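Visitor: Take this sequence and fold it.
(chains A and B)
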Amino acid sequence: MLAFLVQRISQALLVMFVISVIAFAIQDGLGDPLQEMVGMSVSQEEREALREELGLNDSIVVQYLRFAGKAIQGDLGNSYFYGKPTLEVISEHLPATLELVIGASLIIMLLSVPIGVYAAIRPQALMAKFFMGVSTVGISIPVFLTAIVLIQIYSIGITVEWFPVDTGWGQWLNGALSTEGGLPSYGRGDDLTHLFGTWYSGFFSESGLLHLILPCVSLASIMLPLFIRLIRAEMMEVLQSDYIRYARAKGLSAVRINFLHALKNTMLPVITVGGVQVGVMVAYTILTETVFQWPGVGLMFLEAITRSDIPLIVAYLMVVGLIFVVTNTLVDLVYGLVNPTVKLTGKKA
Amino acid sequence: MKKLLAALVGTMALATAPVALSAEATKELKMAYDADPVTLDIHEQLSGGILQLSHMTFDPLVRWTKDLGFEARLAESWERVDDKTMRFKLREGVKFHSGNELTTKDVKFTYDRLKESQDFKAIFKPFSGINIIDDYTFELVTSEPFPLLLNTATYIFPMDSKFYSGETADGKKKDAILKHGNSFASDNLSGTGPYVVTSRQQGVRMEFERFADYWDEESPGNVKKIVMTPIKENNTRVSALLSGGVDFIAPVPPTDLDRIKRDKDSDLVTMSGTRIILFHMNQERVEAFKNPKVRQAVAYAINQEGIASKIMKGFATPAAQLSPAGYQGHNESLKPRYDVEKARQLMKEAGYEDGFTITMMAPNNRYVNDDKIAQAAAAMLARINIKVDLKTLPKAQYWPEYDDRSADMMLIGWHADTEDSANFYEFLTFCTDADSGAGQYNAGNYCNPEIDALVEKANVETDLDKRAAMLQDVEKRLYDDAAFVPLHWQDLAWASKKNVKIEPILNVMNFPYLGDLVVE
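Guide: Coordinates of the predicted model:
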């Protein structure tokens, strides 16, 4: 166990090192951070002085060594735009992103398991076919389109007048298809609860939860079909295995077989994929956060790129790299708990 | 979250202010701009966002009216003492958010700080000093006769000298202007303006409260609280308005104008703007552009009206010159001159009938539809056999290329900080001089000392009619010489809920005077 962790930590350090080098290497391609810091009419002389002050005139190697020297002490530099340490900026924005990911993960877990299991147990049922069809559509629609459609329907509202308004049934159909809207379409609202440090949560107030709905649904919409299909496929396979047949022959109840014996083994690959996907989801939030003006790290990163806020870009990439390494490590640990036959690296088989 | 933000000033001002707010200020306004101010220090950066903040939390000596006239604000009156001196009388009894009273000391402090500011010092270069006569009288002195003195006075937003002097607890000077890293002034604010900053979370939201002791008791404004959220994505901003999440948005993207017009709960206000979009033709890179005939041919080949109606969806005013209507240099007689036949003819006369190949660069996220405009222009030039190798770049990468003048034709948009024609020429058409900074954005390397001299002369002409005639002459000469290819002035658009009466407070400078906003 200890050896496993040591190995993972050294891997994490290597990953962070590589990311920082790459991020530094591409900074020239990102443009000139000064353009966002000074007005158009500022003279070249003034710009040159500011560039010198920021150390932008030094060679990349010198700049990197200076950065690395501080990074070893945990200082990833100051953001040009926010004028604060980058880690502080990220820690202010990270809770918003994490809540989005948590919300979306909850939706995915609560929906994908029952639907997936149902579709596996009753593959021929009409409902199962319906869910599979919808999930195919869902997987092929890009997240920003889902988001825009959701905003139009649930926050602006739509008025449908396809059916004749002078008949009762026409009015009823029009009414049934029209929506009022009213759900918040941007931001996190102004009623957030302070948990600790920089974490202000939207999970504890009505306004906070309402603001979470559309962004979480949008974000969940890309991953949900994947999980439904994964669970269904795994479950179907497990249901064919010998021990399930044996259990059936033994006369165990269907509920016990399906939900205790079969589901447990179904979840093994789902956990692996899920762990990786949580990392991917943090990356996907960039799109979702942009559409909903969600003040998380995704939006912050996108804006940092347009502003060439290089220290913030480098720090963000390193933090995301760290999140990937951590989630993968956790997945491996959880995997060991769920399936005792799996051996962690470093443990003798 | 409040705790995190609690701007020191806000709490201070609220603590010292009398409890009763002016009776009519009761409404709350939620608004969304595409970006929030980068700092609370109004001298740190010269940008639209900062000036908008300045008008909310400070007051200038004088401010622009809708028809580009001047309106007295903190300066009660002014008179010319001589060619180089203007005497101002300061309004008495004006309080800062901190409770301090405004005197000429504060004006001097502000003037000195502007002279230090990297972004503002260029605008204040013509000024040689400030004379304090008494607590409420002062004189601004320029080194040469200066016709734009009042234009420049719109940039003087007196700051609270007591509040911004001294040192912070950790020994930093409070009046320091810092471009990167936090200074006292970038986090704390005390002005005389209608709104006090009560909380700020950069990039997320900003809250303002009506200043209880605001001096302008005649202001019709009845908004007590403003919540400003930056919403960068156009679609999201418009959705926020349509769904009732916010009451006021700016800017409105051209693609959504119809959508807002159709909405029965919303009002749309558009205005022809003053930002000119143009192409420079680099004479140092392309031999052919040295020939005025070739430059004219290019000017004849570009269809400004087509770009304005098809690409900008009517959201632009086609231009044949730099100065928009209302500016002194605006020359009514100059009209867009689209004529492909004439263009071909000119190419033939210049000996370039078979054309040539050039490179073109344009930003793709700086101006409205900038990359599409460039694509259209490239296609139009192909018709007179000029083949264009076009490259569009995000703005952060574009400007370094622009500074290097690294393409044969480059697109730029320019708004005159002084709201005056001369500013266009000084930056866009003057012979480039690295020492004086003249022609800093003249990526065409066009150089006509005669025209420059004429502008210099106009710059010390205090008779405004004479000056206007000179500037219009400059405009005509540049047109005849086809020094550049003007495209259009980008329009401005704002939208609000019907009960928010934005029309009276909007202006072409894009500084909504939110202090005077009436919400029904």
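
Visitor: Nearest spatial neighbour of B:E233, chain-adjacent residues omitted?
Guide: A:T290 (5.5 Å; CB to CB, 6 or more residues apart in numbering or on different chains). Any C-beta I mention is one placed from the backbone N, CA and C, and that applies to glycine too.

Visitor: Check A:Q27 too.
Guide: Nearest non-adjacent residue to A:Q27, counting by CB to CB, 6+ apart: A:I310, 4.8 Å away.

Visitor: List the residues that contact the one you found.
Guide: Contacts for A:I310 (CB atoms under 8 Å, 6 or more residues apart in numbering or on different chains) come out as A:A23, A:Q27, A:L30, A:P33, A:Y80.

Visitor: What's the separation between A:F24 and A:A12?
Guide: According to CB to CB, to the nearest Å, A:F24 stands 19 Å off from A:A12.

Visitor: which residues in chain A form helices?
Guide: Per DSSP state H, chain A has helices spanning A:2-30, A:44-54, A:60-72, A:86-121, A:126-140, A:143-150, A:168-177, A:206-239, A:242-250, A:254-255, A:263-292, A:297-306, A:310-338. These are given in chain order.

Visitor: Quick one: those helices as JSON lines, columns for mean pLDDT too.
Guide: Formatted as JSON lines, the helices of chain A follow (pLDDT from 0 to 100):
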{"stretch": "helix A:2-30", "mean pLDDT": "84"}
{"stretch": "helix A:44-54", "mean pLDDT": "84"}
{"stretch": "helix A:60-72", "mean pLDDT": "87"}
{"stretch": "helix A:86-121", "mean pLDDT": "92"}
{"stretch": "helix A:126-140", "mean pLDDT": "86"}
{"stretch": "helix A:143-150", "mean pLDDT": "88"}
{"stretch": "helix A:168-177", "mean pLDDT": "81"}
{"stretch": "helix A:206-239", "mean pLDDT": "91"}
{"stretch": "helix A:242-250", "mean pLDDT": "90"}
{"stretch": "helix A:254-255", "mean pLDDT": "86"}
{"stretch": "helix A:263-292", "mean pLDDT": "84"}
{"stretch": "helix A:297-306", "mean pLDDT": "91"}
{"stretch": "helix A:310-338", "mean pLDDT": "84"}
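
Visitor: Minimum distance to B:K121: which of those helices has it?
Guide: Across the helices of chain A, B:K121 has its closest neighbour in helix A:44-54 (8.2 Å, CB to CB).

Visitor: Check which residues of that closest one are buried.
Guide: Buried residues in helix A:44-54, counted by 16 or more other CB atoms under 10 Å in any protein chain shown: A:E46, A:R47, A:L50, A:L54.

Visitor: In JSON lines, list the residues you listed along with distance to chain B.
Guide: JSON lines is the format used below for these (distance: CB to the nearest CB, whole Å):
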{"residue": "A:E46", "distance to chain B": "5"}
{"residue": "A:R47", "distance to chain B": "9"}
{"residue": "A:L50", "distance to chain B": "6"}
{"residue": "A:L54", "distance to chain B": "6"}
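
Visitor: shouldn't A:N57 be in contact with A:A49?
Guide: No. Using CB atoms under 8 Å as the test, A:N57 is too far from A:A49 to be in contact (10.4 Å).

Visitor: so which of the helices of chain A comes closest to B:S161?
Guide: B:S161 lies closest to helix A:44-54 among those, at 24.9 Å (CB to CB).

Visitor: Quick one: residues in contact with the closest one.
Guide: A:33-34, A:37-38, A:57, A:80, B:118, B:179-180, B:403, B:434, B:437, B:440.

Visitor: can you pull the contacts of the residue nearest to B:F120 when sequence neighbours are not counted?
Guide: Leaving out its chain neighbours, the residue that sits closest to B:F120 by CB to CB, 6+ apart is B:L114, at 4.7 Å. Applying CB under 8 Å, 6+ apart to B:L114 gives the contacts B:H43, B:F120, B:K121, B:I123, B:F124, B:Y155, B:I156.

Visitor: Check the gap between the closest residue to B:G355 other than its chain neighbours and B:L487 for me.
Guide: What sits nearest to B:G355 in space, not counting adjacent residues and going by CB to CB, 6+ apart, is B:N385, at 2.6 Å. From B:N385 across to B:L487, the span is 21 Å (CB to CB).

Visitor: Looking at the two, which is more packed in?
Guide: Each of B:N385 and B:L487 has its neighbours counted (other CB atoms under 10 Å in any protein chain shown); B:L487 has more, 29 against 16.

Visitor: shaky segments in chain B?
Guide: Low-confidence segments of chain B, defined by pLDDT under 70: B:1-24.

Visitor: Where is the longest helix in it?
Guide: Assigned via DSSP H, chain B shows its longest helix as helix B:464-481.

Visitor: What are the buried residues along that helix?
Guide: By neighbour count with 16+ other CB under 10 Å, helix B:464-481 contains the buried residues B:R467, B:A468, B:M470, B:L471, B:Q472, B:V474, B:E475, B:L478, B:Y479, B:D481.

Visitor: I'd guessed the fifth one sits against B:G329; true?
Guide: Same thing as B:Q472. Yes. Here B:Q472 reaches B:G329: they are 5.8 Å apart, a contact under CB under 8 Å.

Visitor: Spatially central residue in chain A, please.
Guide: The centroid of chain A falls nearest to A:M281 when counting by CA atoms, centre = their mean (2.4 Å).

Visitor: Relative to chain B, how far out is that one?
Guide: 20 Å (CB to the nearest CB, to the nearest Å).

Visitor: Relative to A:L268, how far out is that residue?
Guide: Note on A:M281: its distance to A:L268, by CB to CB, is 20 Å.

Visitor: go on, A:M235?
Guide: Distance from A:M235 to A:L268, by CB to CB: 12 Å.

Visitor: Tell me the confidence at the residue in the stretch 51-200 of chain A that chain B sits nearest to?
Guide: Proximity of the stretch 51-200 of chain A to chain B (CB to the nearest CB) peaks at A:S155, 4.0 Å away. According to the prediction, A:S155 has pLDDT 90.

Visitor: Next, B:A72: phi, psi?
Guide: phi -70, psi 130 (degrees, to the nearest 10).

Visitor: burial count for residue 308?
Guide: Just so you know, I chose chain A. Neighbourhood size, A:S308 [other CB under 10 Å]: 25.

Visitor: oops, chain B please
Guide: By other CB under 10 Å, the residues close to B:A308 number 23.

Visitor: In contact with it, which residues?
Guide: B:G314, B:F315, B:A316, B:T317, B:P318, B:H488.

Visitor: Now whichever residue of chain A sits closest to chain B: closest residue in space, sequence neighbours ignored.
Guide: Chain A approaches chain B most closely through A:G31 (2.9 Å), counting by CB to the nearest CB. Leaving aside its chain neighbours, A:G31 sits nearest to B:A396 (2.9 Å; criterion: CB to CB, 6+ apart).
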